[in-house]
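> fold the following and give me the result.
(chains A and B)
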Amino acid sequence: MSARATRLAAFAVIAALAAAPFWASPFTITLLNYIGIYALVALGVVLLTGVAGLTSFGQAAFVGIGAYATAWLTTAAGASPWFGLAFAFVLTGLVATLLGAVTLRLGGHFLPLGTIAWGLSIYFLFGNMEALRGHNGIAGVPPISIGPLSLERTNAIYYLIWSVLAGATTLIANLLDSRAGRAIRSLRGGVVMVESLGISVFRIRLVTFVIAALLAGLSGWLYAHMERFVSPAPFDVRMGIQYLFMAILGGSGHILGAVVGAALLTMLTNALQDLLPHFARNGAQLEVIVFAVIYVLVLQFARGGVMPFVLRHLPRRVEPAVASAEPLQRRTMPKPGEPLLVVKSLGKRFGGLEAVSRVGFEVSAGEIVGLIGPNGAGKSTVFNLVTGALSVDAGAIFFLGHDITHAGQRRIAGAGIARTYQHVKLRTNMSLVDNVLLGTYLRTGAGFLRGALRLDRAEEARARAEALRQLERVGLGANPHEPAGNLPLGRQRILEVARALAADPALIMLDEPAAGLGRTEKGALADLMRAVRADGVTVLLVEHDMEFVMGLADRIVVMDFGSKLVEGTPATVRGDPRVQEAYLGSVA
Amino acid sequence: MTPDIALILGIDGIATGSIYVLVGLGLVLIFSVTRVVFVPFGDIVAFSALTLASMQLGRLPGTVYLVAVLAILACGVDAIHHLRRGRPDRIARGLLGYGVLPLIPAAAAWLFAGASLPAWAQIPLTIALVVPIAPLIERIALRPIADASVLLLLIVSVALTFGLSGLGLLFFGPEGFRTKPLTSEVFRFGTVAVTSQTLLMVATAVVFSLLLFLFFEHTLLGKALRATSVNRVGARIVGIRPASTATLAFLLASLLGATSGILIGPVTTLYYDSGFIIGLKAFVGAIIGGLVSYPGTAVGAILVGILESFASFWNSALKEVVVFSVLIPVLLLRSLSLPQADEEDAEIEA
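Next up, the predicted model:
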């Protein structure tokens, strides 16, 4: 489909939805209302599960909290539904913050199991609280009114539901295309790299979790005032599971997947409820069997849901050209020769293995220092200790005079150390430029709200210009919008160098940057390192390619069996018999 | 609360906890060998009790149809798998294993339906009928994605709970049943009365735990299962077929599940969907044990039973809230005590 046809189709859909009360039957409008209400919850699930990789089966409980909050306040206290909305937000936000704070540190399958548990807890609580009238539910919830206009009729609340959905979708789309959104997108696939960029994984997870809960609470508010009645049944954990599957069915990797999934599931339920009673006694309830079959098949054969099939027929988004923007602020670099990194008697044990033992060395500002040694010598462990990826057992590390021994990855990143990894840690489904933009996280400041409201555009343009500049600089400027996973491994390492440079570090630590590169590419990398040094950045690198490291480094530290063997200029190190023995075995 | 009441509640809790021990051990067995968090496992318990109840009423248990449907599906999936691999010669073996074998007890039940079987025959027949359900489900829905992430397997198994609760309604109907008591003696220890049913529940849990321990420690098959749970790739290299260990794990676990159903049937009225909650309570116990430790699971499951018993004395309506809420502090402790693994698989899309 051409871009023009897509725009026309999108316009037609929006026009049809806007005019729905004039052409559709009241029953269709009711269905659309449900679709909108479910899609709001599913939107949160897409954000939480599809984007951030946190699976929740418990979203129905937040819908319930929102619905009960407003139902109770508007009936028991006779408050306006708008106060009910505020109360719903506050209550869902509080409960989500509390639950998130307790469970979001859990990895893997414990978090989803936890969500089932609190989903059930909250559901049983609704059914057993006297103030909420137990299983009888709360009746007589007033309709919402905007000024003199009452939204009591199905057609009237239809406009509110779909405006809210459109607004929420826009805000979430904006958010994902911002600094905070990139942080959310980076959560899937290992947290060490994310923390090393200065991003607090826990905080990003928590805020994402609360946003998803607020969307569910908002949906509950709309539900309560549409149905005018609230009882525990629709907030059962089984409904929570359905919300997750709506997102998966529609396509959990894409925002519109929420709407598509909600629509598919609602229409399918409706069709099955008409059809199944013809086949079996308890037919109406048997739709779950059909759903189970569909879910299992989707999970086996089309894990991306419906959206990827739709997107395949849409034109690719045209990335806007970057207007020239003021460059990002740079840090003041230490004066050349000043002591930058001081490592004293560093030690690390893994069980019985002493991986690093009493290693000490210094790096002065403006130097290029190579850290070499045979496989298993402990070089990468030293990197991990210095950057805080591993905790230090013994010794101390000072950076620019400050003790960073136990500072943690984020503070170390903030102090001005950026790094690359021996085993590349990129987000392969994100574009090159987005990967490099992750590096600018600490140099920029826009938060969730500014991102969602598009108040971050000036800063975003500056960051983007910086990322593109770094991509140019390392020689990857040709296709900045292609996914990082398309690059060959050697170039992925170079992309990591660009990401590290985008952080404007005082010290850049490179773990085998030349592995997998051809001869000319190695030459270009060495030139780049010299240019980086000329910029005032100090370079510490682990490398196996002797020709590369000897030609580049001012000084070399040799490690063997977890200890420092020799330190000196390339020439002295090359001539040292101990080094020759470590690499080649004893001559004698 | 007097000490007497506390004692009674404690004993009651240990009895309920014994059921959770059996179910929890089954869950851990399945998880450690196949990495599947088998959420629908509780349904096996409920189906077992409902099957026995049908037999006691002289009806044909719905399980017969359930097993038949699953067997046909499993045979189909298995045959397609072999055809795609270009090995049609293996189809016959699949038909035997997934078709004929599970249908033998079903056929027996079908033949004897109406004729009132003696009680000693009903229980083994019930177990034989129920045991194939989980392995068949494994073949149909889980084996094709056996190498997927733990998370994906979990989501599929959650989807399966929908399917099983639907099939349960279809084949068992919406009515609740309670089976006849297995024994009805009462022993008095001072002021406290203990029913033989309670003793039976506790004794069964102890015996099965012991058998499981002996199986893992002293048989080659048990060691193969342990090897698979420690390292799947390594187990494959030394010639242990993951598919057979998975089937074995599901079979053994089902045996535990079916037995729990027989034990819980006389104590509680069960419905087609009661298994969901039973399974999840056993999960709370298993998670206390970290989903990996058998003794930890047993202790956790007993704790859940006791907690439930005391909570229902305090406020019977809120006992579920208490039991499921206790998981949150447990998870908190777990998250604080365990170092966070890095490259966790958080993928839904492949």
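
> next up, phi/psi of residue A:394, please.
Residue A:394 adopts backbone torsions of phi -150, psi 160, taken as degrees, to the nearest 10.

> wait, residue B:39
Backbone dihedrals for residue B:39, given as degrees, to the nearest 10, come out at phi -60, psi -40.

> quick one: contacts for it?
Applying Cβ atoms under 8 Å, 6 or more residues apart in numbering or on different chains, we find residue B:39 in contact with A:116, B:154, B:157-158, B:160-161, B:279-280, B:283. For glycine as for every other residue, the C-beta is placed from the backbone atoms N, C-alpha and C.

> from these, which land in helices?
Cross-referencing these against helices under DSSP state H gives A:116, B:154, B:157-158, B:160-161, B:279-280, B:283.

> what does the stretch 151-300 of chain B have sitting close to chain A?
For the stretch 151-300 of chain B, the residues in contact with chain A (Cβ under 8 Å from any Cβ of the partner chain) are B:151-152, B:154-156, B:158-167, B:169-170, B:173-174, B:277, B:280, B:283-284, B:287, B:291.

> and those, which of them are buried?
Taking 16 or more other Cβ atoms under 10 Å in any protein chain shown as the criterion, what is buried in these is B:151-152, B:154-156, B:158-167, B:169-170, B:173, B:277, B:280, B:283-284, B:287, B:291.

> identify the residues contacting residue 300.
I'll assume chain A. Here residue A:300 is in contact with B:141, B:144-145, B:156 (Cβ under 8 Å, 6+ apart).

> try chain B instead
Residues touching residue B:300, when contacts are defined by Cβ under 8 Å, 6+ apart, comprise B:24, B:284-289.

> highest neighbour count among those?
Across the contacts of residue B:300, the neighbour count under other Cβ atoms under 10 Å in any protein chain shown reaches its highest value at residue B:24, namely 35 neighbours.

> per-residue confidence at that residue, what does it come out as?
According to the prediction, residue B:24 has pLDDT 95.

> got it, and residue A:542?
Listed pLDDT for residue A:542 reads 94.

> how near is it to residue A:507?
Between residue A:542 and residue A:507 the distance is 14 Å, computed by Cβ to Cβ, to the nearest Å.

> returning to that earlier point: in a markdown table: the contacts of residue B:300, plus secondary structure.
As requested, those are arranged in a markdown table below (DSSP: H, G, I helix; E, B strand; the rest coil):
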| residue | secondary structure |
| --- | --- |
| B:24 | helix |
| B:284 | helix |
| B:285 | helix |
| B:286 | helix |
| B:287 | helix |
| B:288 | helix |
| B:289 | coil |
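
> mind picking the two most distant members of the residues you listed?
For these, the farthest-apart pair by Cβ to Cβ is B:284 and B:289; their separation is 10.2 Å.

> hang on, residue A:411 in a strand?
No: assigned with three-state DSSP, residue A:411 falls outside any strand and is helix.

> can you tell me which residues contact it?
When the contact criterion is Cβ under 8 Å, 6+ apart, the partners of residue A:411 are A:388, A:404.

> for residue A:428, see how far away it is.
Applying Cβ to Cβ to residue A:411 and residue A:428 gives a distance of 28 Å.

> again, but for residue A:27
Separation of residue A:27 from residue A:428 (Cβ to Cβ) stands at 46 Å.

> any idea how far apart the tips of stretch A:377-396 sit?
The first residue of stretch A:377-396 is 20 Å away from its last residue (Cα to Cα, to the nearest Å).

> let me know the average pLDDT across it.
Along stretch A:377-396, the predicted confidence averages to a pLDDT of 93.

> all good on my end, thank you.
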